[in-house]
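# Any chance you can model this:
(chains A, B and C)
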Amino acid sequence: MSVRDPSLDGEWLDEATTHARLEKTWSAAPGLWGWLTTLDHKRIGVRYIVTAFVFFALAGLLAFVMRLQLARAENHLVGPDLYNQLFTMHGSTMMFLFAVPIMEAIAVYLVPLMVGTRAIAFPRLLAFSYWIYLFGGMMLWIAFLLNVGPDAGWFAYTPLSGPQYSPGKRVDIWAQMITYTELSGIAVAICVIGTILKQRAPGMALNRMPLFVWAMLVMSFMVLFAMPSVMIASTFLIMDRLVGTHFYNPAEGGDSLLWQHLFWFFGHPEVYIIFIPALGMVSSIVATFARRPVFAYPLMVLALLATGLFAFGLWVHHMFATGLPRLGNSFYTAASMVISIPTGIQIFSWIATMWLGRPRFTTPLLFVVGFIVVFVVGGLTGVMLASVPLDLQLHDTYFVVGHFHYVLIGGAVFPLLGAVYYWFPKVTGRLLDERLGKLNFWLLFVGFNITFLPMHYLGLAGMPRRIYTYSAGLGWDGLNLLETGGAVLIALSMLLLAFNVVKSARGGAMAGANPWNADTLEWATPSPPPTFNFNHIPLATGSHPLWDAERLQVMRGLKLDERELVLTSVLDARPDLREPSVPPSIWPLLAAIAVGTMFLTSIFTPWAVVVGMVPIAITLTAWFWPKGRPEEEGER
Amino acid sequence: MHSALQALGVQAQHIEVVWRTMLWVCGVMYVLVIAFLIFAVSRHRRASDSVEPQNDSSQVRRMSIALGSWIGLMTIGLFGLALTSFLTDRALVHAADTPQVTLKITAHQWWWQVEYTDPDPSRRVRTANEIHLPAGAPVHLELASDDVIHSFWVPNLHGKRDMIPGRPAQFRLQPLRAGLYRGQCAEFCGLQHAHMALDVIVESPQDFAAWYERQLANPPAVTEARATRGHEVFMTSACNLCHAIAGTDASASVGPDLSHFAGRRTIAAGTLPNDPDNLRRWLENPQRVKPGNRMPVVTLERDDIDALVAYLGTLR
Amino acid sequence: MSARDDTHERPLQFAGDLSHLPAHGHSHRSLTWWGMMGLICVEGTALALAVVAYLYLSGHETAWPPHRLLPSASWGTAFTIIVLLSFGPNLLLNRRAEQEQLGPVRVWLVVMTVVGFLLVAIRSFEFAAMHVVWSDSAYGSIVITLLGLHTVHLVTDLYDTAVLTVLMFTRHANSGRRFVDVAENAIYWNFVIYVWLPIYVLLYFAPRWL
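Residues are numbered from 1 along each chain as shown, chains lettered A, B, ... in the order given. Predicted coordinates for the structure are as follows:
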């Protein structure tokens, strides 16, 4: 035991005083300035989550209008131009502004808590990424409301999206939105990777890390390698449209398929980037409510790694109808089927965990059961689509629309909602209403299946995608009407969720630190956690810190009056360095304004790129320039 | 007919085998997963608030064996499905080796340009938005696009093939039974992607040959007064700037060839049934019927439109 | 510590001490290194995909470059030679930074900044030496864009190096974290060098060989 030093945390101080001194050191300024400069990953995480759910609601509203239009044959509610904008905005908003950001947001909030550290790595980069995300999303939606919204699909195939067939600014706005959201996504991924590899609590070796953290690590690495592809693709597109390049122009040596390759090389990993975090959430929820660690942990980790890796080898299955060489196509058939094996292992493992444990069917676990029932359908229709000959019939039909909604809503939204019910008490200190939660679940489950199951039949019956209306007499009318009915139930279930959240945030039952008696470190802090997360850095002596022993093992010796956390080694999490954590800063916001302005103005003139470099250089230099505070430096 | 579930072509039938196999195998897998899930959640255990003590090792061992079996089952199932897929792929390549009819279809934003090829140029048929095929005979299609990516899809006969500008494609069909089929563009191609359908009439070889000869011939001479007036309107207003009619001076190919328009079932690539009232509606304002399509509104007198309708009705 | 209070509901046991740990470390011990590696993954992937796009597009043409105008290799070769020579000073800069010797670090930072300016100047001549503009053809588009992408990395690294050079002459210089920043910046320079070599071969020699 070291000499008692009242400037450091340790057993010589009572917890209340420790808490008070840490709070004074770590909290941001009050009021608007504090809100703009905070680097608290939890406050930024909540911002991200709220913003992402707003986009989810907006995109859902658009889908509802689409369903109203499709309820009857030759309907005149919405014309072709608006409909094309609707499905483009729905897809783009869901994929770029909701699905990936919400998963990253939950990682941002939970990962530092779960690995037992005080802050996220690169907190200014995190703050910057939020503003970029917000500006990009706002640009897209303001453009849509001004009737300059994109209309070439969320996938924007060339030549339709090129300068000749989509004149004007619509597709430019879409392409630039990609730049914002992918920059933001990459930045967050770097923060999460840094936190997981270097800031884990002492003793939390890689093989003791919660499966949730593994999932977020795999997802973040995937982001680093997938997002550059769509950024390159959209940059080439914007150059074709604005400065006369010919990347995608067949008349001058370019190729429309180049767009498809670059887009889908990103696009396929993208859906796994959305799916893999959900798998992490499922593992957390199953372990807690089955009262038992997840079965076959090493195999689960390998399954996550395998899925993340294989996801990069499948993209051509989106292009089976384009006439690529047969032998190549066969490889992608095999790969697209093989990837279902690691996922199948995970599904087995979760069910096995419930079998071997004592499951308690709270709302989170109910959503997990719903996830299994729904997602596996989508996974199996995915295996069907992997076959080239069968895909030639099913590609670009409502069968595919059914498939991907089963895997995305089943595989990502159901776990996400389970996660909301599970972690809401930690974030707000109050529990969501259980009865409303169960009703929420059943409304969604029933409504979802009514809406999306018939789509598989419709695709086989010849209904293509992305059509604003269809002829009467093809036999599609009745099912389309039924699907619209299901959409009403989905909308109701979401309203119920919103109501539950608002009602419980003020008046829900108090949660306490660990209402579920779960085993991971985020439950060892108060609900909601203080800015600095933990009074003392935990020491992880096993895989289940809160189940292994009555007392929580902690470390002493970090400064109380300076922002400090500990860096550990990558594999074994041996304590290595004390790391100062930067205080709140306005520069991330200012840099985001500079970068965002440059992105926006470059749609109108290429010179904006050159001119825009100046404010960017200034804000970034100010961001990194040392402020002369002794605690930011290290001893020599 | 417009459905992949009624396979009436050689290729579609091969594909249907894959579909049925997939449905059965995937169905069985799904039932197994759900059964396992139901057993797991309905085991009679009281939920407790304390942490579950470690299961005894024999339970864990049995579960591990079950997992191993599951992995084996998945692998075997997927292997079988992949094999079915590959064999069908090969069958599709070898099907329809010696084509008896050759067609070139060029997709445009929101209509189909059709040309039956023949080494003798005087035996080439040009039409639009409709194809006739002899039942039982293999057909070769060359698929191309003039503007953006479209996709040729007649679900009763075969899967689809994207038509990519700069990359013409070779495609084979072999319809088996006479009947009226429908195709629809299956790659989002802009404003009127929803209204880009194709009529596919499969008939006996004799009927097909007869149709072919009628297409080769010029449309009958116009005698009736209103139709003659209609021909005059056609040649003097904007119509002949885009549309061709065999046997006249109108030979532009910007829009669909109208030589034998009266024999077609639909107007504007499947948008409306081809009857005088619909034709009148179309001619009055094509933009109201199919907003955004490439045919401009040409203001004409009522009488002139009636005359045009009469004239177009003679183009058999 | 009190058994029951508002901040922790669970009793604690103190099991280790962190106070003696150093406050900064070099290479993979520092967070900055990992951030730099993440950036290298992203930028490397983007450049690799641009190279793949080049090869993909070259497969579409019978003549490459179309119109048969080969790029002149003199400026590009000069750039490559100088950039390879800069490997030495950069290595020394990295070593001295890890050893935290302020004097030599200042010297080599100035050298690297000057080298950076020289290379940017040479690069500006390379664009014209390609004998094509990006609106000529797909070949022109990918060639100028590839060169441009690398130039962006070159220019931003030059800016970073210049800022660090200035910084190391101020009062903030004498701090362990500064030396870590200098060392990480040197790593990024290595990336700029390594990634140039395949692009150089591709841009100047692939048209002669393909």
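# Just give me the longest helix of chain C.
helix C:138-167 (DSSP state H).
# Tell me how far that helix lies from the chain's centre.
The chain centroid and the centroid of helix C:138-167 are separated by 9 Å under C-alpha atoms, centre = their mean, to the nearest Å.
# Could you see whether chain B lies near that helix?
No. Contact between helix C:138-167 and chain B, assessed by C-beta under 8 Å from any C-beta of the partner chain, is absent, since the two come no nearer than 11.1 Å. For glycine as for every other residue, the C-beta is placed from the backbone atoms N, C-alpha and C.
# would you list every one of the strands in chain A?
Taking DSSP state E as the criterion, chain A contains strands spanning A:552-556, A:564-568, A:575-580.
# And the lowest mean pLDDT element among the helices and strands of chain A?
In chain A, the helix or strand scored least confidently by mean pLDDT, DSSP states H and E is helix A:545-548, which has a mean of 89.
# by contact count, what packs against it?
Applying 3 or more C-beta pairs under 8 Å, 6 or more residues apart in numbering or on different chains; DSSP states H and E, we find helix A:545-548 packed against strand A:552-556.
# is chain A contacted by the longest helix of chain C?
Yes. Interface with chain A: helix C:138-167 contributes C:Ala138, C:Tyr139, C:Gly140, C:Ser141, C:Ile142, C:Thr145, C:Tyr159, C:Val163, C:Leu167 (C-beta under 8 Å from any C-beta).
# With respect to chain B, which of these is nearest?
Set against chain B, the nearest of the residues of helix C:138-167 next to chain A by C-beta to the nearest C-beta is C:Ala138 (11.1 Å).
# right, and the closest one touches A:Gly254 too?
Yes. Assessed by C-beta atoms under 8 Å, C:Ala138 is found in contact with A:Gly254 at 4.0 Å.
# shared neighbours, those two?
Taking C-beta atoms under 8 Å, 6 or more residues apart in numbering or on different chains as the contact rule, C:Ala138 and A:Gly254 both touch A:His246, A:Phe247, C:Leu57.
# Flag every buried residue along stretch A:572-582.
Residues of stretch A:572-582 classed as buried: A:Ala573, A:Pro575, A:Asp576, A:Leu577, A:Arg578, A:Glu579, A:Pro580, A:Ser581, A:Val582 (neighbour count, 16 or more other C-beta atoms under 10 Å in any protein chain shown).
# I'd say A:Arg574 and A:Val566 touch.
No. Contact between A:Arg574 and A:Val566 fails when scored by C-beta under 8 Å: they sit 10.4 Å apart.
# In the stretch 101-250 of chain B, mark out all the strands, start to finish.
With DSSP state E, counting those that start in this stretch as the criterion, the stretch 101-250 of chain B has strands at B:101-108, B:111-116, B:125-128, B:130-134, B:139-145, B:150-152, B:161-163, B:169-173, B:179-184, B:197-203.
# May I see those strands organised as JSON lines, with distance to chain A added?
Below are these laid out as JSON lines (distance: least, C-beta to the nearest C-beta, whole Å):
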{"stretch": "strand B:101-108", "distance to chain A": "12"}
{"stretch": "strand B:111-116", "distance to chain A": "15"}
{"stretch": "strand B:125-128", "distance to chain A": "18"}
{"stretch": "strand B:130-134", "distance to chain A": "16"}
{"stretch": "strand B:139-145", "distance to chain A": "9"}
{"stretch": "strand B:150-152", "distance to chain A": "6"}
{"stretch": "strand B:161-163", "distance to chain A": "5"}
{"stretch": "strand B:169-173", "distance to chain A": "5"}
{"stretch": "strand B:179-184", "distance to chain A": "6"}
{"stretch": "strand B:197-203", "distance to chain A": "7"}
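# So which of those strands is the most surrounded?
strand B:150-152 (a mean of 28; mean count of other C-beta atoms under 10 Å in any protein chain shown).
# Tell me which residues are up against that strand.
With contacts defined as C-beta under 8 Å, 6+ apart, strand B:150-152 is touched by A:321, A:396, B:105, B:107, B:141, B:143, B:160-163, B:171, B:183, B:185-187, B:189, B:196, B:198.
# Give me the nearest residue to A:Ala511, chain neighbours excluded.
Closest residue in space to A:Ala511, ignoring its immediate chain neighbours: A:Pro425 at 3.4 Å, by C-beta to C-beta, 6 or more residues apart in numbering or on different chains.
# how much space is there between that neighbour and chain B?
Taking C-beta to the nearest C-beta, to the nearest Å as the criterion, A:Pro425 is separated from chain B by 16 Å.
# Tell me, how many residues neighbour that residue?
A:Pro425 has 24 neighbours, counted by other C-beta atoms under 10 Å in any protein chain shown.
# So it sits against A:Pro515, correct?
Yes. Here A:Pro425 lies in contact with A:Pro515, judged by C-beta under 8 Å, at a distance of 5.2 Å.
# quick one: common contacting residues for the two?
The contact sets of A:Pro425 and A:Pro515 overlap at A:Leu431, A:Ser527 (C-beta under 8 Å, 6+ apart).
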